[in-house]
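> Here is a sequence together with a model predicted from it:
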Protein chains: 2
Amino acid sequence: MYENLNQANAAVIAEIKKARPRLVDVKPAEACIPALSDGMTLLHAGPPIAWPDMTGPMQGAVLGASMFEKWAANPAEAEALAASGKIRFLPCHDNSAVGPMGGITSRHMPVLVVRNAEQGNFAYCNLNEGIGKVMRFGAYEGEVQTRHAWMRDVLGPTLSDALARIPDGIDLTALMAQAITMGDEFHQRNIAASALLLKALAAEIAGGKSSAAAQQESLRFLGRTDQFFLNVAMAYGKCVMDAGARIKAGSIVTAMTRNGRDFGIRVSGLGARWFTAPVNTPSGLFFTGYTQADASPDIGDSAITETLGIGGAAMIAAPGVTRFVGAGGFAEALEISEEMREIYIDTNPMFQIPTWDFQGACLGLDVRRVVETGITPVINTGIAHRKAGIGQVGAGTVHPPISCFEQALEALAIENGIHA
Amino acid sequence: MYENLNQANAAVIAEIKKARPRLVDVKPAEACIPALSDGMTLLHAGPPIAWPDMTGPMQGAVLGASMFEKWAANPAEAEALAASGKIRFLPCHDNSAVGPMGGITSRHMPVLVVRNAEQGNFAYCNLNEGIGKVMRFGAYEGEVQTRHAWMRDVLGPTLSDALARIPDGIDLTALMAQAITMGDEFHQRNIAASALLLKALAAEIAGGKSSAAAQQESLRFLGRTDQFFLNVAMAYGKCVMDAGARIKAGSIVTAMTRNGRDFGIRVSGLGARWFTAPVNTPSGLFFTGYTQADASPDIGDSAITETLGIGGAAMIAAPGVTRFVGAGGFAEALEISEEMREIYIDTNPMFQIPTWDFQGACLGLDVRRVVETGITPVINTGIAHRKAGIGQVGAGTVHPPISCFEQALEALAIENGIHA
């Protein structure tokens, strides 16, 4: 169908540019993701992984979700259940979904519903829990459960009601185009996009049918959760990259993700196959009392942002982030984005970066370029404690193992009849 | 008291750095500004000016305010009243206030109440009306009156109620420190600060005692008024510069403002004296259908932002603005801010600019440096149509006449016993 990889890649990129994901609803996960209605099923971040191979943060979140779903009354019961093999674990990515850090998503958790107004596909992501003790970093008791119950009973329905009052929902491309001019790279910094989202929702929340208390609590939560938009950006990235993946050809990376053990990538010309290798451990800056030795290995679906070309690749849009992740000042941010331009073959006309003299964000991560140059994408990431239940201990940067890209390139060569 | 101007300037700058203005209330202007309770009094932008000398936008606003206060039933009556000399016109700046463009402020208009938590002084500014036909640009009939009545009856009380629910109000320094990392320079771009302000207020508006309709209307207005924060930033600037002006010595500019005819400056060592010269006319980009020939001469108190060292001096914080005001791209923005560093003698540790490699915004505009270098501050400004009632026709940049600074320097020399 395509004469060569370049033509195929152009088609993939055209689909990505065409996509117009809109935030249209917030619903219980089981209403969107059929697999979750079938017995005890949990979605997780990264490529497939079994319970015994999960690292602390993901195991902790499994305990938390099992208790949230009332499959277990306490952590000991939950651990026994998980070890019994009765829980089915599926990657978010195989279910039109993404999840930050552990990525554990269960049937009664509310998810963001993002619909692509052009190609029609949907993507989902759970809601950002804010900071402190949170399930995505492996905490599972007390306030974690209280917050998840509140998100299910109050925040989710309030947001759903507000979004129902906005015809066709919120145009996320337009919102993000504005936010990238305001210092967000959408992985470690989402303060502008979160504020713009609140701005779009506030009047509809206040005008909606939720109770006054629900409205006030929801607005307060959105007002103090500066990373609320991260999960929206992830669903956006998944929606866009799945649209690109419809072109079943080319060498464009359509997913990058980590389960805490393996880094996995998917490539447009190789469908749903995972190319995996052991993850690296992020390095960066640590909160007081923690050091590099506490860092969990790289984990989470949030690298979907870098798959699209934002996050670390858009470091120059967010020089504030370079300090947060320990990557230097403005000059270093510029250097990082310039280096990334070596491996992304196009730029995104929707996401113009004023600090890059209005150049568009990176777009089209090409496995060939990664292998040729030896440059791997830089990923801006939160750092979890390696033990379950402790939570976030820092933020930094990490790179995928290049072997994922090498394997994929080899598979592409075979697929295209070029045997080594 | 001070051995030389340098010591005096250091004291002025110390007061400026110490100031911590907080947005604590929104009240009818007459409740804050005593002069407004005395007969038919209007505040205006810039140094003193009489009705016949006012340009179109300010005269239009005078008609609008006279009708709003029911001093006149229609424009013809209002014009006759203004020409009769029965209206007393006072500069905002002499009443702890500032006002954008015409700056016309009357007793029943709601004003932002900004209190300096350190030195105790207050500053006031009317509320931003949004875009379209607005009084500050000289429009006076129909929707202008409807909107002002709504601001008086609905928006003002709703904001007052919400602010009363926040102990000690909103720390504007902290909010602006965040917004300047998000591409705001607080004169032509306030989208981040406006969104952060909405974020701070939304839950308190929803939790307040205003009607559901008032809450929803207020949130919707704040949500779509990206320049809402301009007026807050102006009150902030006035509050801070008035704190600096308490040191009655030195060569730091404490006010720059324009009434459409004259540009006026005040200097720390010269108290409330105005040093004036005819204004220039801004040049920049015009909305479709308008040209440079339609531009009103420079007008408004909004140059209080540049007096503080934000606005045009902080162009590098807001490369997006350079395109809006027709001043080029990122490199040009950098050049402008670097040039401004020649005439501002310090930087503001509260307002770090990531795109300037985390250097603080300019601070301490020194008349000596302006005269020595011949460099005048660049002011980012909206451009009004020169005729009353038409409104904004573009945005651009403008410079003060250097003669204001030359006169002030001469007066300083005399004041300090150095006769030329």
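Cool, the structure landed.
> Identify all contacting residues around stretch A:413-420.
Stretch A:413-420 has contacts (CB atoms under 8 Å, 6 or more residues apart in numbering or on different chains) with A:L5, A:G269, A:L270, A:E410. Where C-beta positions appear, they are placed from N, C-alpha and C, glycine not excepted.
> Isn't A:N190 up against A:F228?
Yes: under the criterion of CB atoms under 8 Å, A:N190 makes contact with A:F228 at 7.0 Å.
> distance between stretch A:292-307 and the chain's centre?
Chain-centre distance of stretch A:292-307: 10 Å, with CA atoms, centre = their mean, to the nearest Å.
> what's the answer for stretch A:307-315, then?
Counting by CA atoms, centre = their mean, stretch A:307-315 comes out at 12 Å from the chain centroid.
> Pull up the distance across that stretch, start to finish.
14 Å (CA to CA, to the nearest Å).
> and it, average pLDDT?
Computed over stretch A:307-315, the mean pLDDT rounds to 97.
> A:G56: what's its closest spatial neighbour, skipping adjacent residues?
Closest residue to A:G56 apart from its sequence neighbours, by CB to CB, 6 or more residues apart in numbering or on different chains: A:A388 at 4.1 Å.
> List the contacts of the one you found.
Here A:A388 is in contact with A:G56, A:P57, A:Q59, A:G60, A:L63, A:G138, A:A139, A:Y140 (CB under 8 Å, 6+ apart).
> The strand ranked longest in chain A packs against which elements?
The residue-count maximum for a strand in chain A (DSSP state E) belongs to strand A:344-353. For strand A:344-353, the packing partners by 3 or more CB pairs under 8 Å, 6 or more residues apart in numbering or on different chains; DSSP states H and E come out as helix A:5-18, helix A:172-179, strand A:359-365.
> Walk me through which strands the last one pairs with, and which way each runs.
Strands flanking strand A:359-365 in the sheet, each with its direction: strand A:344-353 (antiparallel) (DSSP bridges).
> filter the contacts of stretch A:413-420 to the buried ones?
Buried members of the contacts of stretch A:413-420, counted by 16 or more other CB atoms under 10 Å in any protein chain shown: A:L5, A:G269, A:L270, A:E410.
> any idea of the angle the helix or strand in which the last one is found forms with strand A:359-365?
Same thing as A:E410. Taking DSSP states H and E as the criterion, A:E410 maps to helix A:402-415. Counting by axes from the mean of the first three to the mean of the last three CA atoms, to 10 degrees, helix A:402-415 lies at 60 degrees to strand A:359-365.
> and helix A:402-415, average pLDDT?
Averaged across helix A:402-415, the pLDDT comes to 96.
> do stretch A:338-350 as well
In the prediction, stretch A:338-350 has an average pLDDT of 97.
> in that stretch, what counts as buried?
For stretch A:338-350, burial by neighbour count (16+ other CB under 10 Å) applies to A:M340, A:R341, A:I343, A:Y344, A:I345, A:D346, A:T347, A:N348, A:M350.
> which outside residues touch that stretch?
Residues contacting stretch A:338-350 (CB under 8 Å, 6+ apart): A:9, A:13, A:17, A:173, A:176-177, A:308-309, A:312-313, A:315-316, A:359-366, A:369-370, A:373, A:375-378.
> Get me the contact residues on the stretch 201-350 of chain A for chain B.
A:202-203, A:205-207, A:212, A:215-217, A:219-220, A:222-223, A:318-320, A:323, A:329-331 (CB under 8 Å from any CB of the partner chain).
> quick one: A:I252 and A:I13 touch, right?
Yes: here A:I252 reaches A:I13: they are 6.9 Å apart, a contact under CB under 8 Å.
> Between the two, which has more neighbouring residues?
For A:I252 versus A:I13, the count of surrounding residues by other CB atoms under 10 Å in any protein chain shown is larger for A:I252: 32 against 22.
> mind giving me a markdown table with the buried ones among the contacts of stretch A:413-420 and columns for distance to A:C125?
Shown next, in a markdown table, are these (distance: CB to CB, whole Å):
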| residue | distance to A:C125 |
| --- | --- |
| A:L5 | 31 |
| A:G269 | 26 |
| A:L270 | 24 |
| A:E410 | 32 |
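> quick one: which of the residues you listed is nearest to chain B?
A:L5 (34.0 Å; CB to the nearest CB).
> okay, and for the stretch 251-400 of chain A, where does confidence drop off?
Applying pLDDT under 70 to the stretch 251-400 of chain A flags the ranges A:327.
> Going along the chain, name the helices of it.
Ranges of helices in the stretch 251-400 of chain A, per DSSP state H, counting those that start in this stretch, are A:304-308, A:319-324, A:330-340, A:367-373.
> Which among the ones you listed is found nearest to B:D161?
For B:D161, the closest of these is helix A:319-324, at 33.8 Å, according to CB to CB.
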